[in-house]
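J.: structure, please.
(one chain, ligands or ions: 1)
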Amino acid sequence: MLSADFKSTSIWLKGVARPHIDTRPLPEKADVVVVGSGYTGLAAALELKRLGANPVIVDSGTAGWGTSTRNTGVLMPFPFSCRRFMALFGAALADELIKLYVDAYHDCIDTITSRGYECDLDRRGQLRPAHSRAALDDLEQEYDMISRHLDTEVRFLGRDELEEEIPGQRLWVGARLNPRLQSLNGAKLHACLLRHAVEQDIPVHENTRVLDIEHATGSVLVRTTRGDVTADQALAATNAHTGKPFTDVSARLLCLTATLIATERLEPSVITRMLPQLRACVDTRKGFIAFRPTADGTRLVLGKAGSGGVFGSVSATALRRGYRVLLSVFPALRGVKIEYGWTARVAVTADNIPHLHSAGGVNYTLGYNGWGIAMGMYLGAHAARRMLATGAEPLIFEETGFNRVNKWLERPVFQPAIRTWLRFLDALH
Ligand SMILES: Cc1cc2nc3c(=O)[nH]c(=O)nc-3n(C[C@H](O)[C@H](O)[C@H](O)COP(=O)(O)OP(=O)(O)OC[C@H]3O[C@@H](n4cnc5c(N)ncnc54)[C@H](O)[C@@H]3O)c2cc1C
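T.: Residues are numbered from 1 along each chain as shown. Take a look at the predicted model:
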């Protein structure tokens, strides 16, 4: 199943040129300490700098060590389930939320194109294959809600038409096709943001873990493994890696590990036989399957919600599970080897929306529920404007309750139960 040169790193990092980061001493003072060097932290720091402030970024790992270099790279202009939003928040609020997702999507693409970020942004489109008739109906209803804000081509495909997109598939009864929606290489996007931050002379301190933050009126003292920094404010952009010292917020995030795989290099014709349009696909199950080809069309990348694993150590069981899912979608790939396997962490909130939160002198922007490329950049920049009191209006993400979750569900021992529960819910729908 594994190729002889199997690597336990993200395929998206392959060939990505990271900018050089000087190791320098931590400054004693800064305007804002940004904790986390993923999309959120970098977008926040860039916006702070643009507005004339003096931010410092610290990360406990190397820059981009978190999920921003490990994701699937699908830019989703809408939340995962609009119907759930309707049920939780009612029609008016759900509509406002959907508009924010669409705004974040457009903003992300505008930022990438206007700054000339080279991150394999493609327009191959996205498919949402539906696992049941009811799920397909939901997709149609959802689109009525989304189309008020998103002006993009859409088609609904029955099983026969889906055959043209994924020949020979047996898992789905139809799909929603958005032929113009975009995807990218998340690690390349991260490298572009990081390079931009370095060019703007924003200090990035790698391997610098925040241990504690003390709050006094008008300032914070950020204690790290490499010294202390006094700042006017701090922003935690730590998403699924939120832990100590942010324990109060960490109690509101369910941080789960997923395992992703990428095949060995295949002839482009092999991939186009299986996915002729080379589109990114995310199906409708709660334990959803997401897959797409790499930009050069030579490998397939696949991840599954609830696939489990322990962050940072790729287990043989999780890889086997991933391989089984791959073969269930593409039986013709039997015998093809897996060359990359890696883990990534997702932060799930009780209401499935991100939150901007403020407590103990620290601002927080996190909880993307698996859709944080565009939203992380959008909310990071927004948080920067809010911190500098530029008059930016509060977003709904600041105003809704940020409730606690059942943290014990994070324990590896509960992962099989979570998978069974997701399968049960999908069987019901
Ligand atoms: C399997 C998977 C697939 C995904 N696919 C997609 C997708 O297709 N499309 C999409 O839009 N989104 C996707 N996502 C989600 C998206 O990748 C994340 O929401 C996004 O990367 C979050 O970025 P971030 O900057 O907020 O956090 P991260 O990139 O995770 O960065 C957080 C950083 O905080 C640092 N940190 C934490 N605690 C401390 C501390 N105490 N001191 C110092 N540093 C600290 C960590 O080291 C880490 O580097 C996916 C997620 C997963 C898990």
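J.: contact partners for the nearest residue in space to Gln200 that is not next to it in sequence?
T.: Leaving out its chain neighbours, the residue that sits closest to Gln200 by CB to CB, 6 or more residues apart in numbering is Lys49, at 5.1 Å. Where you see a C-beta, it was placed from the backbone N, CA and C, and this is true even at glycine. Lys49 sits next to 55, 197, 200, 202 when contact means CB atoms under 8 Å, 6 or more residues apart in numbering.
J.: looking at those residues, which are in strands?
T.: Per DSSP state E, strands hold the following members of those: Pro55.
J.: buried subset of the contacts of Lys49?
T.: Among those, those classed as buried by neighbour count (16 or more other CB atoms under 10 Å) are 55, 197, 202.
J.: closest to the ligand out of those?
T.: Minimum distance to the ligand across these is 12.4 Å, recorded for Ala197 (CB to the nearest ligand atom).
J.: and the pLDDT at that closest one?
T.: Listed pLDDT for Ala197 reads 98.
J.: pLDDT of stretch 102-117, averaged?
T.: Averaging pLDDT along stretch 102-117 yields 98.
J.: that one and the ligand in contact?
T.: No: Stretch 102-117 lies apart from the ligand when judged by CB under 6 Å from any ligand atom; the minimum separation is 8.7 Å.
J.: residues in contact with that stretch?
T.: 75-78, 119, 121, 146, 149-150, 182, 184, 188-189, 192-193, 196, 373-375, 377-379.
J.: make it 7 Å
T.: Under the contact criterion CB atoms under 7 Å, 6 or more residues apart in numbering, stretch 102-117 has outside partners 75, 77-78, 119, 121, 149-150, 182, 189, 192, 196, 373-375, 377-378.
J.: using PDB, write down the CA coordinates of that stretch.
T.: This file holds the C-alpha atoms of stretch 102-117, laid out as PDB (Å, rounded to 0.1, in the frame of the first residue of the first chain):
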ATOM      1  CA  VAL A 102     -19.300  34.500   0.400                       C
ATOM      2  CA  ASP A 103     -17.500  37.800   1.200                       C
ATOM      3  CA  ALA A 104     -14.600  35.900   2.800                       C
ATOM      4  CA  TYR A 105     -14.300  33.700  -0.400                       C
ATOM      5  CA  HIS A 106     -14.200  36.800  -2.700                       C
ATOM      6  CA  ASP A 107     -11.900  38.600  -0.400                       C
ATOM      7  CA  CYS A 108      -9.400  35.700  -0.400                       C
ATOM      8  CA  ILE A 109      -9.400  35.500  -4.200                       C
ATOM      9  CA  ASP A 110      -9.000  39.300  -4.600                       C
ATOM     10  CA  THR A 111      -6.100  39.300  -2.100                       C
ATOM     11  CA  ILE A 112      -4.400  36.400  -3.900                       C
ATOM     12  CA  THR A 113      -4.800  38.000  -7.300                       C
ATOM     13  CA  SER A 114      -4.100  41.600  -6.400                       C
ATOM     14  CA  ARG A 115      -0.900  40.700  -4.500                       C
ATOM     15  CA  GLY A 116       0.200  38.200  -7.200                       C
ATOM     16  CA  TYR A 117       0.400  35.300  -4.800                       C
END
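J.: pLDDT value on the residue in the stretch 51-200 of the chain that the ligand sits nearest to, please?
T.: Here the stretch 51-200 of the chain gets closest to the ligand at one residue, Gly66, 2.4 Å apart by CB to the nearest ligand atom. On pLDDT, Gly66 comes in at 98.
J.: didn't it look like it was pressed against His241?
T.: Yes: Gly66 is within contact range of His241, at 5.1 Å (criterion: CB atoms under 7 Å).
J.: what's the helix-or-strand element of the chain with minimal mean pLDDT packed up against?
T.: Within the chain, confidence by mean pLDDT, DSSP states H and E is lowest for helix 82-89 among all helices and strands, at a mean of 86. In terms of contacts (3 or more CB pairs under 7 Å, 6 or more residues apart in numbering; DSSP states H and E), helix 82-89 is packed against helix 91-114, helix 133-146.
J.: can you give me the buried ones in it?
T.: So for helix 82-89, counting by 16+ other CB under 10 Å, buried means 82, 85-86, 88-89.
J.: how close does the residue nearest the centre of the chain sit to the ligand?
T.: For the chain, the residue whose C-alpha lies nearest the mean C-alpha position (CA atoms, centre = their mean) is Gly372; its distance is 3.7 Å. Here the criterion is CB to the nearest ligand atom, to the nearest Å. By it, Gly372 lies 2 Å from the ligand.
J.: cool, and His355?
T.: From His355 across to the ligand, the span is 12 Å (CB to the nearest ligand atom).
J.: the stretch 251-400 of the chain: strands as residue ranges?
T.: Remark: strands assigned in the stretch 251-400 of the chain by DSSP state E, counting those that start in this stretch are 254-263, 280-282, 289-293, 300-304, 338-348, 355-359, 362-366.
J.: reformat these as TSV; add mean pLDDT and mean neighbour count.
T.: Shown next, in TSV, are the strands of the stretch 251-400 of the chain (pLDDT from 0 to 100; neighbours: other CB atoms under 10 Å):
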stretch	mean pLDDT	mean neighbour count
strand 254-263	96	24
strand 280-282	97	24
strand 289-293	97	24
strand 300-304	96	24
strand 338-348	97	22
strand 355-359	95	19
strand 362-366	97	27
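J.: let's have those in CSV, adding distance to Ala43.
T.: What follows is the strands of the stretch 251-400 of the chain, written out as CSV (distance: least, CB to CB, whole Å):
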stretch, distance to Ala43
strand 254-263, 21
strand 280-282, 22
strand 289-293, 23
strand 300-304, 23
strand 338-348, 17
strand 355-359, 13
strand 362-366, 9
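J.: skipping adjacent residues, who's closest to Val325 in space?
T.: Leaving aside its sequence neighbours, Val325 sits nearest to Lys304 (CB to CB, 6+ apart; 5.2 Å).
J.: correct me, but the one you found touches Ile289?
T.: Yes: between Lys304 and Ile289 there is a contact under CB under 7 Å: 5.1 Å.
J.: Gln277 against Glu164, yeah?
T.: No: using CB under 7 Å, Gln277 is not in contact with Glu164; the gap is 8.4 Å.
J.: these two: who's more crowded?
T.: Remark: of Gln277 and Glu164, Gln277 carries more neighbours, 14 against 11, as counted by other CB atoms under 10 Å.
J.: and that one, what does it touch?
T.: Gln277 makes contact with 124-125, 165, according to CB under 7 Å, 6+ apart.
J.: cool, and Arg265?
T.: Arg265 is in contact with 298-299, counting by CB under 7 Å, 6+ apart.
J.: thanks again, I'm all set now.
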